[in-house]
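Asker: fold the following, please.
(one chain, ligands or ions: 1)
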Amino acid sequence: MERIFTKDLKNKIGEKVLLKGHLHKVRDLGGLCFGVLRDKDGIVQITTEDKNSVLLKLKRESVIEVTGEVKICEKAPNGIEVYLDSATCLVEVKEDLPFEIDKPEINANLDTVLNFRSISLRNLRNRSIFKIQAVLLKAFRDYFVKNDFVEINTSKLSGHATEGGTTVFKVEYFDRFAYLAQSPQFYKQMMVGVFERVFETNFVYRAEEHNTSRHLNEYMSLDVEMGYIQSATDIMKLEEGFLKHAIEMLKNECTEDFERLKIDFAIIPDSGIPIIRFDEAQKILDEKYGQHCYGDPDFEPEHEKLLGKYAKEELGSDFIFISNYPTVKRPMYTMIDPDNKEFTFGFDLLFKGLEITSGAQREHRYEELVNNMKNKGLNPDDFEDYLNQFKYGLPPHGGFAIGLERLTAQLLNISNVRETTLLPRDLDRLTP
Ligand code: AMO
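Answerer: As a prediction, the model looks like this:
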């Protein structure tokens, strides 16, 4: 008999089948034994009246093979059971699990859940989180390929220490040191000169000592860069297009996962994601929420939360772009507004009150870029490789980057990005 999977059982009612998977749980009700088998797609109840069934002798997570008849059973998960003919143990588990994984949520603290990642990820809710994340990544690739972007993979090792902003990891590299990429920023801009439109999905590294629920030291950066733009609005519209596409794809491919997580799909209004200027946002925070932040160079996390609330309650959107960030807070590669040099053409995207994206129109003019560096106290000689390409002509361009773990967390109302990271790396954690 050929193996079939739990997702195909609904088309096999009345037929004999062979299934393989883990023994998710087992219950002995005297006369009846109910086991649950879990395979790559889901779970199914295995029912037997045999008091000597091997199922009753096995510990959870043992790897089993069963044959039996597929029947309708209203009380069983998904309304189907397999009435057992034979059960064989392929791999016997001898240890008790560190926590129960068959419940809707694991009842253990996050550290324990992460210490036993190979086990905690087998929980159906956790599997759904990462299935959704995989579909987000697929949607990103799908959307940008369809829009004529070329996928690139740029080096994560560099001889240069920084592109400005965050701290980088220093690693031994033969007889000298190298630095781990904090973002593919310089390389994606370089590739605009080659392909005009590029995207990249890769891990990036930040040596930030932030032990918060939204910071990781290794995260998946979804990067985009596009040439021949008119303004930063083109880039914001591009990101909106991707998000709409991603939500559609999730609706098609992950309905069951969203139901399991009891989450509604994120909302983008028909009029599009609202865009408000940084200084306007500060006025709103001041006038509406009593936050006296007008003139500050950046938002506090609390301000972002309030702007998320404002977007939801006043504008009917889970997302809001904040445009025209102050020059002091944006990297030197951001184009400065020529009409008001205190502000740039840089933006952030907030999703349910958390920053998930930074982006901008870039400075593509050599002299202006050198000036920006000097004004930020940077030495242009340290950026020779980066600057060279501007001597040879780069078109006006812009782009953005989304943190995949943050996007997933906000989509699923999960409060800590470690839960949306398969193997998180933070101040205290380098294993498993
Ligand atoms: P930025 O540094 O703002 O911009 O990062 C872009 C997005 O990446 C995510 N992110 C993080 N996620 C988890 N842990 C972290 N420590 C962390 N740091 C950042 C966030 C953030 O919005 N080069 C620019 C992008 C660009 O302009 O194209 C950059 O990297 O979701």
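Asker: what about the residue nearest to residue 7 when sequence neighbours are not counted, neighbour count?
Answerer: Counting by CB to CB, 6 or more residues apart in numbering, residue 41 is the residue found nearest to residue 7 once chain neighbours are left out, at 3.9 Å. (Glycine included, C-beta is placed from N, CA and C.) Residues lying near residue 41 (other CB atoms under 10 Å) number 14.
Asker: please apply the same query to residue 39.
Answerer: Neighbour count for residue 39, taken as other CB under 10 Å: 17.
Asker: residue contacts, it?
Answerer: Counting by CB atoms under 8 Å, 6 or more residues apart in numbering, residue 39 makes contact with 5-6, 19-22.
Asker: farthest-apart pair in these, please.
Answerer: With CB to CB as the measure, no two of these lie farther apart than 5 and 22, at 13.3 Å.
Asker: who has more neighbours, those two?
Answerer: residue 22 (19 against 15).
Asker: the residue nearest to residue 7 and residue 305: what is the separation?
Answerer: For residue 41, the distance to residue 305 equals 37 Å [CB to CB, to the nearest Å].
Asker: contact partners for the residue in the chain that the ligand sits nearest to?
Answerer: With CB to the nearest ligand atom as the measure, residue 403 is the residue of the chain nearest to the ligand, at 2.6 Å. Counting by CB under 8 Å, 6+ apart, residue 403 makes contact with 219-222, 356-357, 417.
Asker: try residue 181
Answerer: Neighbours of residue 181 in contact, by CB under 8 Å, 6+ apart: 154-158, 168, 204-205.
Asker: ok, so of those residues, who is nearest residue 80?
Answerer: residue 204 (44.0 Å).
Asker: which element is that closest one on?
Answerer: Applying DSSP states H and E as the criterion places residue 204 in strand 197-205.
Asker: right, and the helix or strand after that strand?
Answerer: Per DSSP H and E, the first helix or strand lying C-terminal to strand 197-205 is strand 218-227.
Asker: in the host helix or strand of residue 144, what counts as buried?
Answerer: Here residue 144 sits within helix 124-146, counting by DSSP H and E. Neighbour-count burial for helix 124-146, counted by 16 or more other CB atoms under 10 Å, picks out 124-129, 131-133, 135-137, 139-140, 143-144.
Asker: for residue 73, grab the count of nearby residues.
Answerer: Neighbours of residue 73 (other CB under 10 Å): 17.
Asker: give me the nearest residue to it, chain neighbours excluded.
Answerer: Once flanking residues are discounted, residue 73 sits nearest to residue 81: 4.0 Å by CB to CB, 6+ apart.
Asker: which residues touch that neighbour?
Answerer: Residue 81 sits next to 44-47, 70-71, 73 when contact means CB under 8 Å, 6+ apart.
Asker: now the host helix or strand of residue 189, how far from the centre of its chain.
Answerer: Element membership for residue 189 (DSSP H and E) is helix 185-195. On the basis of CA atoms, centre = their mean, to the nearest Å, helix 185-195 sits 23 Å off its chain's mean C-alpha point.
Asker: just the CA atoms of stretch 71-84, as CSV, please.
Answerer: Listed next in CSV are the C-alpha coordinates belonging to stretch 71-84 (Å, rounded to 0.1, in the frame of the first residue of the first chain):
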residue,chain,number,x,y,z
LYS,A,71,-14.5,6.8,8.4
ILE,A,72,-16.6,9.8,9.2
CYS,A,73,-16.6,10.6,12.9
GLU,A,74,-18.1,13.9,14.0
LYS,A,75,-16.3,14.0,17.3
ALA,A,76,-12.9,13.5,15.8
PRO,A,77,-10.6,16.4,14.7
ASN,A,78,-11.6,17.4,11.1
GLY,A,79,-14.6,14.9,11.4
ILE,A,80,-12.5,11.9,10.2
GLU,A,81,-11.0,8.9,11.9
VAL,A,82,-9.0,5.9,10.7
TYR,A,83,-10.3,2.7,12.2
LEU,A,84,-7.1,0.7,13.0
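Asker: list the buried residues in it.
Answerer: Buried residues in stretch 71-84, defined by neighbour count with 16+ other CB under 10 Å: 71, 73, 76, 80-82, 84.
Asker: alongside the ligand, which residues does the stretch 151-300 of the chain contribute?
Answerer: 183, 185, 206, 208, 215-216, 219, 221 (CB under 6 Å from any ligand atom).
Asker: hey, where'd the helices end up in the stretch 201-350 of the chain?
Answerer: When assigned using DSSP state H, counting those that start in this stretch, the helices of the stretch 201-350 of the chain occupy the ranges 232-253, 255-261, 278-289, 301-315.
Asker: what packs against the helix holding residue 144?
Answerer: Applying 3 or more CB pairs under 8 Å, 6 or more residues apart in numbering; DSSP states H and E, one finds that helix 124-146 makes contact with strand 150-151, strand 197-205, strand 218-227, helix 232-253, helix 255-261, helix 404-411.
Asker: most tightly packed of the ones you listed?
Answerer: Highest mean neighbour count among the helices and strands packed on helix 124-146 (mean count of other CB atoms under 10 Å): helix 404-411, with a mean of 24.
Asker: relative to helix 124-146, how tilted is that one?
Answerer: Interaxial angle, helix 404-411 versus helix 124-146 (axes from the mean of the first three to the mean of the last three CA atoms, to 10 degrees): 120 degrees.
Asker: using the three-state scheme, assign the nearest residue to residue 207 once chain neighbours are set aside.
Answerer: Spatially, and ignoring its direct neighbours in sequence, residue 207 is nearest to residue 167 (4.1 Å; CB to CB, 6+ apart). What DSSP: H, G, I helix; E, B strand; the rest coil gives for residue 167 is coil.
Asker: residue 167 reaches residue 210, doesn't it?
Answerer: No - applying CB atoms under 8 Å as the test, residue 167 and residue 210 come out as separate, 10.2 Å apart.
Asker: what about the nearest residue to residue 244 once chain neighbours are set aside, neighbour count?
Answerer: Excluding the flanking residues, the one nearest residue 244 by CB to CB, 6+ apart is residue 268, at 5.9 Å. Applying other CB under 10 Å, we find 17 other residues in the vicinity of residue 268.
Asker: from what I can see residue 268 touches residue 316, true?
Answerer: No - counting by CB under 8 Å, residue 268 sits too far from residue 316 to count as a contact (9.4 Å).
Asker: re the thing from before, most neighbours among the residues of the stretch 151-300 of the chain next to the ligand, which one?
Answerer: Top of those by neighbour count (other CB under 10 Å): residue 216, with 25 neighbours.
Asker: for residue 351, see how far away the residue nearest to residue 244 is.
Answerer: 10 Å.
Asker: intersection of neighbour lists for the two?
Answerer: Common neighbours of residue 268 and residue 351 (CB under 8 Å, 6+ apart) are 318-319.
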